[in-house]
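Participant: here is a sequence with its predicted model. Questions after.
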There are 2 protein chains.
Amino acid sequence: MKQGEKTKRHILEQSDKLFYEHGYAHSSFTDIMNATGLSKGNITYHFKNKRAILEGIVAQRMSEIEASFKAWEEKTHTPTERLALFCEMIVEQQGAIESFGCPMGTLTAEFSKNEPELYTLTLPMFNAYRAWLGEQFKELGFKAYDEEAMSLLGRVQGVAMVTHAFKDSDFFRREMERVKEEIKQKG
Amino acid sequence: MKQGEKTKRHILEQSDKLFYEHGYAHSSFTDIMNATGLSKGNITYHFKNKRAILEGIVAQRMSEIEASFKAWEEKTHTPTERLALFCEMIVEQQGAIESFGCPMGTLTAEFSKNEPELYTLTLPMFNAYRAWLGEQFKELGFKAYDEEAMSLLGRVQGVAMVTHAFKDSDFFRREMERVKEEIKQKG
DNA sequence: GTCTATATCTCGATAGAC
DNA sequence: GTCTATCGAGATATAGAC
């Protein structure tokens, strides 16, 4: 890998962490500078502005999301098993969700009121999950498969939101068990 | 009412609307100036800083929340009816929720990552609902009444969040019907 | 009680040396 | 490819006239 490419990845990695843990607006160029150990000038050499960094982050996340779908499909035989893996992925993030909420939900929520362009940029992540979950429910025979997908998304967003608001990981575990149970019953 | 008190209320009212519709950080003194038609100096005469305005808003909202509990209790005879009124209150906010999310949830979410002092200031609103919902479930005979309260809070926060993210009021109506149905079955 | 004017700070972005 | 230096906008907050 070229040095430039390496630096770019380093900036994206650190910025993603900052944006998640402190929010996009609250993460300044100075913060990114400190987190990466690079100068401001060097960062803007690789990304012309903050928005460009966010675009890079979303592109990276989207490919990770698609990769996880692929991995889940290769590992399983039934939609029910795949939905269980989706839940497992969320359960694994317990600590981070308690501290910072859902990485996708909190980012989108930050933009939805005031930043239509950035909101449009992050929404595809939500839509990717919506579509994939929809496929699973479709395969399970649900006529209203999209509604089921949305409902599940709402369910887990609510769990993440309240877990974060109350910093309550007991609630998180309890509620994710309920969600998994509900999925089993639908399969 | 004295003129000073009137001005104070006017500032709180307009600021609450601004903070809800655009977020706290995104609402500047200049915005409050424009929304109220008052000068910057006059606003800081009544509230020494932005935080003091938020404190006034939360105090106002808290008394409204307590007032709604009282009204619901006077209007009903059973906890199930009271929980239905709680849902009704949310359903009535459909348009605002689609556009701006939950007034309490989005405000708390904005502070939970970066502003511990403001987060501490807004959390009591959540706790008021948690406690009151808990009372209803307790009266219904649930041993784990607090868990039921939290679960319901998570449910509606998820609905509000996803409704706002996807700007989808059909999802909102559908899902709130489900929530109401679940409550009926518990009663 | 209400106003104008201003001080000070932080941010994103840019220019140019090496 | 990486750095330092600086600009200009917009934010909160304050001082003082009326």
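Facilitator: Received, thanks. Residues are numbered from 1 along each chain as shown, chains lettered A, B, ... in the order given.
Participant: for the closest residue to A:Phe172 other than its chain neighbours, which residues are in contact?
Facilitator: Spatially, and ignoring its direct neighbours in sequence, A:Phe172 is nearest to A:Thr163 (4.2 Å; CB to CB, 6 or more residues apart in numbering or on different chains). The way it works is simple: take the backbone N, C-alpha and C, and place the C-beta from them, glycine included. For A:Thr163, the contact set (CB atoms under 8 Å, 6 or more residues apart in numbering or on different chains) comprises A:Ile97, A:Glu98, A:Gly101, A:Ser169, A:Phe171, A:Phe172, A:Glu175, B:Gly154.
Participant: secondary structure element holding the residue lying farthest from the centre of chain A?
Facilitator: The centre of chain A is farthest from one residue, A:Gly41, which by CA atoms, centre = their mean lies 29.3 Å away. Following DSSP states H and E, one finds A:Gly41 within helix A:40-46.
Participant: list the contacts of that helix.
Facilitator: Residues outside helix A:40-46 that contact it (CB under 8 Å, 6+ apart): A:Gly4, A:Thr7, A:Lys8, A:Ile11, A:Phe29, A:Thr30, A:Ile32, A:Met33, A:Thr36, A:Ile53.
Participant: coming back round to it: can I get the contacts of A:Thr163 in TSV including neighbour count?
Facilitator: As requested, the contacts of A:Thr163 are exported to TSV (neighbours: other CB atoms under 10 Å in any protein chain shown):
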residue	neighbour count
A:Ile97	24
A:Glu98	17
A:Gly101	23
A:Ser169	14
A:Phe171	21
A:Phe172	24
A:Glu175	23
B:Gly154	26
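Participant: now, which of these sits nearest DNA strand C?
Facilitator: A:Gly101 (20.4 Å; CB to the nearest atom of the strand).
Participant: quick one: secondary structure of A:Glu148?
Facilitator: Following DSSP: H, G, I helix; E, B strand; the rest coil, the label given to A:Glu148 is helix.
Participant: who touches the nearest residue to it once chain neighbours are set aside in this structure?
Facilitator: With sequence-adjacent residues excluded and distances taken as CB to CB, 6+ apart, A:Glu148 is closest to A:Phe137, at 4.1 Å. Under the criterion of CB under 8 Å, 6+ apart, the neighbours of A:Phe137 are A:Pro79, A:Tyr145, A:Asp146, A:Glu148, A:Ala149, A:Lys186.
Participant: any figure for the gap between the fifth one and chain B?
Facilitator: For A:Ala149, the distance to chain B under the criterion CB to the nearest CB, to the nearest Å works out to 10 Å.
Participant: chain A: helices as residue ranges?
Facilitator: With DSSP state H as the criterion, chain A has helices at A:3-22, A:29-36, A:40-46, A:50-75, A:79-92, A:94-100, A:103-112, A:116-139, A:145-166, A:169-186.
Participant: tabulate those helices (JSON lines), appending distance to DNA strand D.
Facilitator: Converted to JSON lines, the helices of chain A look like this (distance: least, CB to the nearest atom of the strand, whole Å):
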{"stretch": "helix A:3-22", "distance to DNA strand D": "2"}
{"stretch": "helix A:29-36", "distance to DNA strand D": "8"}
{"stretch": "helix A:40-46", "distance to DNA strand D": "2"}
{"stretch": "helix A:50-75", "distance to DNA strand D": "13"}
{"stretch": "helix A:79-92", "distance to DNA strand D": "33"}
{"stretch": "helix A:94-100", "distance to DNA strand D": "24"}
{"stretch": "helix A:103-112", "distance to DNA strand D": "16"}
{"stretch": "helix A:116-139", "distance to DNA strand D": "16"}
{"stretch": "helix A:145-166", "distance to DNA strand D": "24"}
{"stretch": "helix A:169-186", "distance to DNA strand D": "34"}
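Participant: thanks a lot, see you next time.
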